[in-house]
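Q: Below is the sequence, then the predicted model.
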Amino acid sequence: MEARARLIEMSEESHVEGEAAILTTISDDGFPHHCFLSQDEWEESETSIGLSLLSASRTARFVARRPAASFLRVIAGEAVILRLELAGAGGAMRADPSRSAFRFTIVERIVAKTPPNEKASLTGSLSFERLESREESDRRRRVKEELCP
């Protein structure tokens, strides 16, 4: 661990950790398709959520063809599931032309709470960690800002 920390300090890259979520769409052959997103790829309000997806990805193609999706996060040990309807696709993002912005209306918010006296419960969350360059960090910040309604 100490050697890894020294490598990070010596390089131009920084260590990034954060929340993650799972977007579920339906594939062309009718099966669930899951996409793991990092926190800088979405911006959520009370009534809508904006997503930044790679334009050439299967996820972007499935979203454009079928307007319904679900979005799963784990917050404070509770699974939060958003049922989504596509409200609009904004095309290529200015901050990163390889990505497209999608805006969804939150149709339903489901919080799966652990019942009292339950013997098992969620104890963690969905998360990620990565190394990224200063340029990548700046690009991700601009993408996130562009998602804000």
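A: Yes, it's here. Residues are numbered from 1 along each chain as shown.

Q: Now do the helices in the chain.
A: Shown for the chain, the helices assigned by DSSP state H span residues 2-10, 58-65, 134-147.

Q: Residue 45 is nearest to which of these?
A: For those, distance to residue 45 was read as C-beta to C-beta. The smallest value, 10.4 Å, belongs to helix 134-147. All C-beta spots, glycine's among them, are computed from the backbone N, C-alpha and C.

Q: which outside residues touch that closest one?
A: Applying C-beta atoms under 8 Å, 6 or more residues apart in numbering, the contact partners of helix 134-147 are 12, 14, 16, 40-43, 50-52, 93-96, 99, 101, 132.

Q: one more time with 10 Å
A: Here helix 134-147 makes contact (C-beta atoms under 10 Å, 6 or more residues apart in numbering) with 12-14, 16, 38-44, 49-52, 90, 93-96, 98-99, 101-103, 130, 132-133.

Q: need the contact list for the closest residue to residue 33 other than its chain neighbours.
A: Leaving aside its chain neighbours, residue 33 sits nearest to residue 27 (4.4 Å; criterion: C-beta to C-beta, 6 or more residues apart in numbering). Listed by C-beta under 10 Å, 6+ apart, the contact set of residue 27 reads 33, 58, 59, 61, 62, 65, 66.
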